[in-house]
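A.B. asks: I'd like to go over a predicted model; first the sequence, then the structure.
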Amino acid sequence: MPATSRSSADPAQTRAAVLALAEWLRDENVPAPDRAQLAAAVRLTARTLAEVAPGASVEVRVPPFVAVQCIAGPRHTRGTPPNVVETDPRSWLLLASGLLSTADAAASGKLRLSGSRAAEIAEWLPLVNIGAN
């Protein structure tokens with residue numbers, strides 16, 4: 001996979017990275033992808049979110065791979081951000097691909113939303129729709 005700028009994500013490259021993991025996203029019993037594949041898909045989708053929802057009022061964290069700021073509004077620069085979204089890599093990709101809703105992810109504890117604006121990321125998801133099959 002070609003190198004990608006830290007600040008941008010090519011839509012075709014992002015879609016390809018997510019599609020490469022589609023079988024695993026649809027069925028958690030399928031062997032997990034290698035770390036490099038997983039990291040690329042997570043980073044590209046998070047950077048895509050930052051591009052389509054520019055701003056710095058919400059921080060989206062997908063440890064250990066990426067944290068991005070998005071959504072227009074008051075900018076956060078120091079300390080703990082007032083609006084934080086945090087999830088694991090698989091759950092993030094499920095959200096980013098339309099296989100999991102933010103409401104279901106939050107209800108199950110897979111998605112942690114803190115701050116009055118964190119839930120606004122739902123307006124920007126999915127980023128790459130891979131469908132249910």
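C.D. replies: Looks like it arrived, so ask away. Here the structure is a predicted model, which means the values were calculated and not measured. Residues are numbered from 1 along each chain as shown.
A.B. asks: where does the prediction get shaky in this protein?
C.D. replies: Applying pLDDT under 70 to the chain flags residues 1-7, 76-77, 131-133.
A.B. asks: buried residues in the longest helix along the chain, which are they?
C.D. replies: Secondary structure of the chain per DSSP state H: the longest helix is helix 35-52. Neighbour-count burial for helix 35-52 flags 38-51 (criterion: 16 or more other CB atoms under 10 Å). Any C-beta I mention is one placed from the backbone N, CA and C, and that applies to glycine too.
A.B. asks: next helix or strand past that helix?
C.D. replies: strand 58-62 (DSSP states H and E).
A.B. asks: identify the residues contacting that next one?
C.D. replies: By CB atoms under 8 Å, 6 or more residues apart in numbering, the residues outside strand 58-62 that reach it are 42, 46, 49-50, 67-71, 73, 76, 81, 83-89, 92, 115, 117-118, 120-121.
A.B. asks: again, but for stretch 115-128
C.D. replies: Residues from elsewhere that reach stretch 115-128 (CB under 8 Å, 6+ apart): 14-15, 18-19, 45, 48-49, 52-53, 57-58, 60, 70-71, 73, 81-85, 95-98, 101-103, 106, 113.
A.B. asks: give me the buried positions along stretch 115-126.
C.D. replies: Of all the residues in stretch 115-126, those buried under the rule 16+ other CB under 10 Å are 115, 117-122, 124-126.
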